[in-house]
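Q: the sequence and its predicted three-dimensional model are supplied below.
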Amino acid sequence: MVLRDLPNSSSTRNKSFSSEVEHKLFVQDLHTNYNLDTIPIGTGIISFLRGSGKFTINYSEYLVDPSNYLVVSSGSPISISIEKSSTPIMLFFAKNRINSQGNFSLLEQNHIDHNDGVLNSLSSIYSLSTSCASFQALKADLLCQNLLERFEMKLDLAEKEAGSLPLKKRSSIIDVYKRLDHAREWIRVNYSEPITLEFLAIRAAMNPKHFLRMFKHAFSITPRQYIIQVRLEKARDLLKSSENVTAISRSVGYESLSSFSLLFKQRFGHNPTDFRKEI
Amino acid sequence: MSDFSKFRLRVNINSTIETVYKAWATRKGLESWFLRKALFKDSSGKTVPDPDFITSDATYEWYWFGYSDEVVEKGTVLKANNRNEFSFTFSLGCPVRISIFEEKDEVICELVESDLPTDEENLVRHYVGDSRGWIFYLTNLKSVLEGGLDLRNKREDIKDVITA
């Protein structure tokens, strides 16, 4: 893994973002604005160590900053506009190490779930690339490979979920799946907030009935059931700490302790207090 | 003209050939100076139990101290003669050959990593990166076998050091 500066922005047909055999990592402190017109790029992940940038893929605009990351799929035409004083970090996977032909279309959007470990892995890859540790280049490469394998697993699952949608055109399947997945990710990040079906439908740019139907088709669960599932799983993790049960109930989005306890028991077979004793 | 397609490193160790071979060709041996965790499977896919010697065609998964299980090197044992030669694939498949022999009343452990790509980018990654890594670990092999002092950094919060 060799750390690279971004390709020269004066070249309009620059293809050096992608690579055949080596994973490529681009990180640069930008002292001036950086713009690239529509260019094809490889399959990879884009985020920021500081600042932000705007990326346009197939007329969709994504604002990327250190709190999120953008997955890009091989061959997608992308325009890049990054403000000065930003430090983008872009990892592109080696084409010959991708099993799925580099087509990550189903995942190609901004991802906000910072608990999935991707931003941590990117940060570790960057640290290793500038480190004096033994076998640092090899270890950075192994981390990239691990990240790629995680994305390929995500992609496999996404293909299965998208295949459950009652739609025929591939472009429609990709479009609807990405919107549903975005809403699902939003739930994972904001589970403690009051969340309504109408609000999620707006985030997915669908009408509520259609959103509910599509969500259930893709994920075999309703949005409400998914919210409960995320909250209870989070509560189960928190019960391993010493925090009191009422506080945990509130922190995962339940005002009523009795409702929380009932749902928890239905899912895990014990009420929260008994569950904690069992740990 | 220099040949960057391979490198050779030698370390003298005040030990026996058997002990040095065991340090390379057993799980426990490798974990004493090189790896946090070494997993081997024989050619039929069965996990090689301790304290058996690793055999040719075994596959391995290697994990280092200071790094999570996400950093895992997978490869194959190319040769293990149960005496003084052990070789394996490493770093994207480059063969590494270990030869252990006596020289002037000491044991020499010689490591040769070959078939390295020599284009400018890969030269840094393989020739420089791998040889630098092996220099530390061969030094640690000597240290562990001669004096029992393990020089590896085992803390995950300390990264940017040659001992990790």
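A: Perfect, thanks for sending it.

Q: chain B against chain A: which residues are in contact?
A: B:64, B:66-67, B:70-73, B:91-92, B:121-122, B:124-126, B:129-130, B:132-133, B:136-137, B:159-164 (Cβ under 8 Å from any Cβ of the partner chain). Yep, even glycine has a C-beta here, placed from its N, CA and C like the rest.

Q: what pLDDT does residue A:173 get?
A: Residue A:173 carries a pLDDT score of 97 in this model.

Q: thought it was touching residue A:164?
A: No - here residue A:173 lies out of contact with residue A:164, judged by Cβ atoms under 8 Å, at a distance of 9.8 Å.

Q: looking at the two, which one has more neighbours?
A: Of the pair residue A:173 and residue A:164, residue A:173 is the one with more neighbours under other Cβ atoms under 10 Å in any protein chain shown, namely 20 against 15.

Q: am I right that the more buried one falls within a helix?
A: Yes - applying DSSP: H, G, I helix; E, B strand; the rest coil, one finds residue A:173 inside a helix.

Q: low-confidence stretches in the chain?
A: Since no chain was named, I'll use chain A. A:1-2, A:9-16, A:101-102 (pLDDT under 70).

Q: you answered for a different chain; I wanted chain B.
A: B:1.

Q: tell me which of the residues of chain B next to chain A fall in helices.
A: B:121, B:122, B:129, B:130, B:132, B:133, B:136, B:137 (DSSP state H).

Q: list buried residues within those residues.
A: Buried members of these, scored by 16 or more other Cβ atoms under 10 Å in any protein chain shown, are B:122, B:129, B:130, B:132, B:133, B:136, B:137.

Q: is it true that the fourth one touches residue A:137?
A: No - distance between residue B:132 and residue A:137: 9.3 Å, which falls outside the contact criterion (Cβ under 8 Å).

Q: excluding its backbone neighbours, what's nearest residue A:179?
A: residue A:204 (4.2 Å; Cβ to Cβ, 6 or more residues apart in numbering or on different chains).

Q: my guess is that neighbour meets residue A:210, correct?
A: No - taking contacts as Cβ under 8 Å, residue A:204 lies outside contact range of residue A:210: 9.1 Å.

Q: so which helix or strand takes in residue A:150?
A: Following DSSP states H and E, one finds residue A:150 within helix A:136-163.

Q: who in chain A is up against chain B?
A: So chain A meets chain B at A:1-2, A:22, A:121, A:127-128, A:130-139, A:141-143, A:146-147 (Cβ under 8 Å from any Cβ).

Q: quick check on the residues you listed: which are buried?
A: By 16+ other Cβ under 10 Å, these give A:1-2, A:22, A:121, A:128, A:131, A:133-139, A:141-143, A:146-147 as buried.

Q: where do the helices of the chain begin and end?
A: Answering for chain A, as no chain was given. Along chain A, counting by DSSP H, helices occupy A:118-129, A:136-163, A:170-189, A:197-203, A:208-219, A:223-238, A:245-251, A:257-268, A:272-278.

Q: chain B, not that one
A: According to DSSP H, the helices that chain B contains are B:17-25, B:27-33, B:120-122, B:129-147.

Q: off-centre distance for the shortest one?
A: With Cα atoms, centre = their mean, to the nearest Å as the basis, the distance from the averaged C-alpha position of helix B:120-122 to the chain average is 23 Å.

Q: which residue is the nearest non-sequential neighbour of the residue most central in space within chain A?
A: With distances taken as Cα atoms, centre = their mean, residue A:111 lies nearest the centre of chain A, 3.2 Å away. Among residues not flanking residue A:111 along the chain, residue A:69 sits closest, at 5.4 Å (Cβ to Cβ, 6+ apart).
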